[in-house]
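[1] Predicted model and sequence below, questions to follow.
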Amino acid sequence: MRKKIVAGNWKMNMTVAEAKALVAGLKPELANFREVEVVVCPPFTALAAVSAELQGTNIDLGAQNMHWEKSGAYTGEVSPEMLRELFCHYVILGHSERRTYFHETDEIVNRKVKAALSWGLHPIVCVGETLQQREAGEVESVITTQVRGSLAGLSPREILDSVIAYEPVWAIGTGKTATSAQAQEVHALIRKILGQMFDPAVAQGVRIQYGGSMKPANARELLSMPDIDGGLIGGAALKADSFIAIAKAAI
Ligand code: PEP
């Protein structure tokens, strides 16, 4: 039985003061919420403050990116050790915005995934096709390449410690959501690929989130599909009431 996981990707939003206020809004409903795993991923600058606010709650902390090295001459980067120091449990890797604007390849994502796991962080590894790729009938080949490339060389234990997020690029921040049938089809494909890479029994244990304009109005239907094990939420994670509603829709 896979426990559902709902994560908020705050992206480049929230000053420290705003982040504290958002967490204060989440805590009354989610601090003791156990049915679903809840994660918030603030920008780096708010991680320390949010970490302090989350002490003693059931809400986990995640980051939105990291470098693969422990330390060194990488101006502007943040290491896995630094995230661990702030009690991060999760880190989003290979988000389509990182792939598009910062030219992250599957090889780079794979390096980061391995580094995260070696530091005891759970990577949330994002994959997804563009609209152009979908219209060209390339969903299966794009997803297969991303999943195989981003997760190459992991052990069964490591893949079970990872979360995959299927985020069709055309649905991110656009208000267009994949239908539950479209999303389920790709989630089942991802699980099939994991079965081939690892073992079908291992693949059954891996959690696969859907991301792309998930909101309270569509969350329950998406989250009721057999291979959708949670959500990675952008816009709707910036307001306490909508994020709480999505977390509850996952029960
Ligand atoms: C995301 O960027 O991970 C995301 C799913 O964004 P939104 O919910 O705003 O589409």
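    Cool, got the structure.
[2] looking at this structure, which residue ends up farthest from its center?
    Relative to the centre of the chain, and counting by CA atoms, centre = their mean, the farthest-placed residue is residue 73 at 27.7 Å.
[3] Work out for me the element that residue sits within.
    Residue 73 belongs to no helix or strand when elements are defined using DSSP states H and E.
[4] What about the closest residue to residue 160 other than its chain neighbours, how many residues nearby?
    In this structure, residue 160 finds its nearest non-sequential neighbour in residue 205, 5.2 Å apart by CB to CB, 6 or more residues apart in numbering. Just so you know, the C-beta spots here come from the backbone N, C-alpha and C atoms, and that holds for glycine as well. A count of nearby residues for residue 205, using other CB atoms under 10 Å, gives 14.
[5] Return the set of buried residues in stretch 169-184.
    169, 170, 171, 172, 177, 178, 180, 182, 183, 184 (16 or more other CB atoms under 10 Å).
[6] Name the residues of the stretch 1-150 of the chain found near the ligand, please.
    residue 9 (CB under 6 Å from any ligand atom).
[7] roughly how far apart are the residue nearest to residue 160 and residue 138?
    28 Å (CB to CB, to the nearest Å).
[8] Closest to the ligand out of the buried residues of stretch 169-184?
    Nearest to the ligand among the buried residues of stretch 169-184 is residue 172, at 4.2 Å by CB to the nearest ligand atom.
[9] what sits against the residue nearest to that closest one when sequence neighbours are not counted?
    Distance criterion CB to CB, 6+ apart; nearest residue to residue 172, sequence neighbours excluded, is residue 212 at 5.1 Å. Contact analysis of residue 212 by CB atoms under 8 Å, 6 or more residues apart in numbering lists 128, 167, 168, 170, 171, 172, 174, 176, 177, 178.
[10] where do the helices sit along this structure?
    In the chain, the segments counted as helices under DSSP state H are 16-30, 44-54, 80-85, 96-101, 106-118, 131-135, 139-150, 156-160, 180-197, 200-204, 216-223, 240-249.
[11] From the contact counts, what lies against the first one?
    Think helix 16-30. Applying 3 or more CB pairs under 8 Å, 6 or more residues apart in numbering; DSSP states H and E, one finds that helix 16-30 makes contact with strand 37-41, helix 44-54, strand 59-63, helix 240-249.
[12] what residues does the third one touch?
    Right, strand 59-63. Under the criterion CB under 8 Å, 6+ apart, residues 7, 23, 26-27, 30-31, 33, 37-42, 44, 47, 50-51, 54, 78, 83, 86-92, 124 lie in contact with strand 59-63.
[13] Dump the C-alpha coordinates for it into PDB.
    Extracted C-alpha coordinates of strand 59-63, given in PDB (Å, rounded to 0.1, in the frame of the first residue of the first chain):
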ATOM      1  CA  ILE A  59       4.700  18.400   7.700                       C
ATOM      2  CA  ASP A  60       8.000  17.600   5.900                       C
ATOM      3  CA  LEU A  61      10.400  20.100   4.400                       C
ATOM      4  CA  GLY A  62      11.800  19.900   0.900                       C
ATOM      5  CA  ALA A  63      14.000  22.000  -1.300                       C
END
